[in-house]
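In: A structural model of the following input is requested.
(one chain, ligands or ions: 1)
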Amino acid sequence: MDAAIKRQLDELGYAIYPDLMPPPLLAALRARVDELFREEGAQAGAEFRQEPGSRRLANLAAKGDVFLEVALHPTVLECVRHLLGPEIKLSSLNARSASPHNGVAQPLHADAGALADERGFWVANSVWMLDDFTASNGALRLVPGSHHWGRLPHQDMDNPADPHPQEILITGRAGAVVVLNAHAWHGGTANRTAAPRRALHGFYTRRDKPQQQWQKRLLPPEVQARLSLEARWILALDDPLNDELCARETGMSGFLR
Ligand SMILES: O=C(O)CCC(=O)C(=O)O
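Out: Down below sits the predicted model:
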């Protein structure tokens, strides 16, 4: 991995890979996401999280092999290992489409409300741009370096939905992937255009923490049966510690809400 990328991940808390998705993969991801939104209708995302002003899909590793390419992408996994150390696993894979004219900026947050613990950082995210991210369609905002502060936005800001003086907007072309230290303060912005802004979130965690979506419970057995050993490792399908953590935290639903 390139030294400049390492430095950006360490110091700023994010790095961008333009064109990480080859056009056929981008097209396949868009098609399957749109199909799922049509099929799931008003229920889309309900098993995990719905959000005013956005449409969401959850549990995507179970909903199409094309999503496994996202969850297992070697470049993203390399970045996540750089951020969290070698002991990583997928936590969840979701889609979020900021609706046209939604007017709703997400509050700044760290994913899972996570602060680094005595072992260090434990959450990392990858945001897969299925549409261009522009200054007006709900691009991601992020406060560079905030993963080092050991604080959460609501501890320092009257209203984490407000702009932060140090925030930047992460824009890019469809096909790009942003990898972030998910302790860095970030959030989606308002989509002021007439078109949806779609993205996937491939979310990872350290292996001593529960998955947000218990893959072993949620993935159909026939999908599990044909996965490689590496895929089984990243999805934590043969991991008694993960089973114990998830059974405790997600219960039988398999979703940590
Ligand atoms: O989709 C995005 O732009 C980021 C969304 C986000 O940070 C989240 O849903 O936690």
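In: buried sites along stretch 234-241?
Out: 234-237, 239 (16 or more other Cβ atoms under 10 Å). C-beta here means a position set from N, CA and C on the backbone, and glycine is covered the same way.
In: start to end distance for that stretch?
Out: 14 Å (Cα to Cα, to the nearest Å).
In: Contacts only, for the residue of the stretch 151-257 of the chain found nearest the ligand.
Out: Closest contact between the stretch 151-257 of the chain and the ligand, by Cβ to the nearest ligand atom, is at Gly188 (3.4 Å). Going by Cβ atoms under 8 Å, 6 or more residues apart in numbering, Gly188 touches 54, 96, 98, 105-106, 138-141.
In: quick one: contacts for the closest residue in space to it that isn't next to it in sequence?
Out: Closest residue in space to Gly188, ignoring its immediate chain neighbours: Gln106 at 4.5 Å, by Cβ to Cβ, 6 or more residues apart in numbering. Contacts for Gln106 (Cβ under 8 Å, 6+ apart) come out as 51, 161, 187-189.
In: Redo those as JSON lines? Include distance to Ala31, secondary structure and pLDDT.
Out: Supplementary listing: those in JSON lines, determined by distance: Cβ to Cβ, whole Å; DSSP: H, G, I helix; E, B strand; the rest coil; pLDDT from 0 to 100:
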{"residue": "Glu51", "distance to Ala31": "23", "secondary structure": "strand", "pLDDT": "96"}
{"residue": "Ala161", "distance to Ala31": "33", "secondary structure": "coil", "pLDDT": "96"}
{"residue": "Gly187", "distance to Ala31": "28", "secondary structure": "strand", "pLDDT": "98"}
{"residue": "Gly188", "distance to Ala31": "23", "secondary structure": "strand", "pLDDT": "98"}
{"residue": "Thr189", "distance to Ala31": "26", "secondary structure": "coil", "pLDDT": "98"}
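In: Please pick the buried ones from those residues.
Out: With neighbours counted using 16+ other Cβ under 10 Å, those contain these buried positions: 187-189.
In: Tell me which residues of the longest helix along the chain come out buried.
Out: Longest among the helix segments of the chain by residue count, using DSSP state H, is helix 23-40. Neighbour-count burial for helix 23-40, counted by 16+ other Cβ under 10 Å, picks out 25-26, 28-29, 32-33, 36-37, 40.
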